[in-house]
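Student: this is a predicted model, with the sequence first.
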Amino acid sequence: MTAKPAPDAPASRSAPKDQQIKFCHGPDGVRLAYAIHGSGPPLIVVSCWLSHLQYDWHSPVWRHFLDELGGFATVVRYDERGFGLSDWSVEDFSLAARLGDLEAIVAATGLARFAMLGMSGGSAVAMAYAIAHPERVSRLILYGTVCGEPVTFSPDEWPEEETYRSMIRVGWAKEDPAFRRVFTTTYIPDATEEQMRWFDDLQRMSTSPANAVASRIARQQVDIEAQLPGISAPTLVLQAVGDRATSFDNAVSVSSLIPNARLVPLQSRNHILLADEPAWPVFIHEVAAFLAPDHGARREATADRMTETLSGREREVLRLAADGRTNEEIAAALTLSVRTVERHLSNTYAKLGLTGRAARTAAVAEYLRHQLA
């Protein structure tokens, strides 16, 4: 089964034009959809499992996250395997597979170093990436985090879990949202009816019942708690104290295991903070303040690398690339061979710490930002 298209945007909001949706492939060939918007230092959002890049963009539940984060960061977010615009024909939902997908998306963006926001079930993948690639993660934010140890069920708890799985199998794809409303009221109990209806619809269109169950089981089997002390990035943990989807105890556990992590309690019952509740401005203030050092560090580091490490010829080539000229046109303008131009560009990418297919675009963007001659 392939991903379904999102419905038309609500009439109350005009279709935004500043989101770029792109595709790449995970290590096992699964097609992955990711989107980029905003401006500022890069922030990769490792989303919760329930997402749809296009549908979320018009959402009364998620749009304030996208607007606010994009105001101070270049936001990269993606649909997990089996969800949204990514491939639905997936059998492996393991943490290892999801980590491989994140590594593939990072490679496709060409980013060398970035902050990371792990949300809900995506927090395990973000933590695993920070453990595996400490040199890439400048800062780590965890919101509604899982605790990193496998979920176990007592004899009294198991019938409840079986019921949840049965509700997904029976009611996930139905037009009538009665079964899905159980999950909606768990995630956003203080939402308006309009917001709840949107979340009801998100569940049905984001994935198949089989994927929802398989992903749920795989997430319950994640076991990285013992590795959390190995996270070296500065870490901010934000958690709603009344969250019924991931308890505050999870955040306490994670914060105690990650060296020097800071925990911020949020006065809310919602797993997804809503725009009109008092906890929302607290959340966005904390995130913006936490990421602020990346702004200065990024400007200084990029300017230094460009002015101190790029040769005069490399800057000339980059200036012409920023003018939109092809390698052939650059070669003609500078009386060089095309191969020499390619070599200068490759050297430039390496010196700026850029890799992947997006390296040229990123290098030009940095040049234009600093206007080097």
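Tutor: Okay, I see it. Residues are numbered from 1 along each chain as shown.
Student: what about the spatially most central residue of the chain, helix or strand, and which?
Tutor: By C-alpha atoms, centre = their mean, the chain has its centre lying nearest to residue 45, at 1.9 Å. Secondary-structure element containing residue 45, defined by DSSP states H and E: strand 42-46.
Student: listing partners with orientation, what would you give for that strand?
Tutor: strand 74-78 (parallel), strand 114-119 (parallel) (DSSP bridges).
Student: residue 320 versus the nearest residue to the residue nearest to the centre of the chain once chain neighbours are set aside, what's the distance?
Tutor: Distances taken as C-beta to C-beta, 6 or more residues apart in numbering place residue 77 nearest to residue 45, at 4.0 Å, with adjacent residues excluded. Using the backbone N, CA and C atoms, a C-beta is placed for each residue, glycine as well. For residue 77, the distance to residue 320 (C-beta to C-beta, to the nearest Å) stands at 33 Å.
Student: who's more crowded, those two?
Tutor: residue 77 (26 against 18; other C-beta atoms under 10 Å).
Student: residues in contact with the more buried one?
Tutor: Counting by C-beta atoms under 8 Å, 6 or more residues apart in numbering, residue 77 makes contact with 34-35, 44-45, 47, 51, 53.
Student: swap in 10 Å and give it another go.
Tutor: Contact analysis of residue 77 by C-beta atoms under 10 Å, 6 or more residues apart in numbering lists 19, 33-37, 43-47, 51, 53, 56, 62, 65-66, 69, 105, 117, 119, 122.
Student: next: residue 39.
Tutor: Contact analysis of residue 39 by C-beta under 10 Å, 6+ apart lists 18, 70-75, 365, 369.
Student: check what pLDDT the nearest residue in space to residue 47 that is not next to it in sequence gets.
Tutor: Closest residue to residue 47 apart from its sequence neighbours, by C-beta to C-beta, 6+ apart: residue 122 at 5.0 Å. We have a pLDDT of 95 for residue 122.
Student: quick one: the strands in this protein?
Tutor: Secondary structure of the chain (DSSP state E): strands at 20-25, 31-38, 42-46, 74-78, 114-119, 137-143, 235-240, 262-266.
Student: can I get the fifth one in PDB? Just the C-alpha atoms.
Tutor: Yep, that's strand 114-119 we're talking about. Only the C-alpha atoms of strand 114-119 are listed here, as PDB (Å, rounded to 0.1, in the frame of the first residue of the first chain):
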ATOM      1  CA  PHE A 114      22.900  20.100  13.700                       C
ATOM      2  CA  ALA A 115      20.500  20.300  16.700                       C
ATOM      3  CA  MET A 116      18.000  17.500  17.100                       C
ATOM      4  CA  LEU A 117      14.400  17.400  18.500                       C
ATOM      5  CA  GLY A 118      13.100  14.000  19.400                       C
ATOM      6  CA  MET A 119       9.400  14.000  19.900                       C
END
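Student: and it, how far from the chain's centre?
Tutor: Distance of strand 114-119 from its chain centroid, counting by C-alpha atoms, centre = their mean, to the nearest Å, is 6 Å.
Student: any low-confidence regions in the stretch 151-300 of the chain?
Tutor: Residue ranges of the stretch 151-300 of the chain with pLDDT under 70: 296-300.
Student: quick one: the helices in the stretch 51-200 of the chain, in order.
Tutor: Under the criterion DSSP state H, counting those that start in this stretch, the stretch 51-200 of the chain carries helices at the ranges 53-56, 63-70, 95-109, 123-132, 158-171, 178-187, 193-206.
Student: and the last one, what does it pack against?
Tutor: When you say that, I think you mean helix 193-206. helix 53-56, helix 158-171, helix 178-187, helix 209-220 (3 or more C-beta pairs under 10 Å, 6 or more residues apart in numbering; DSSP states H and E).
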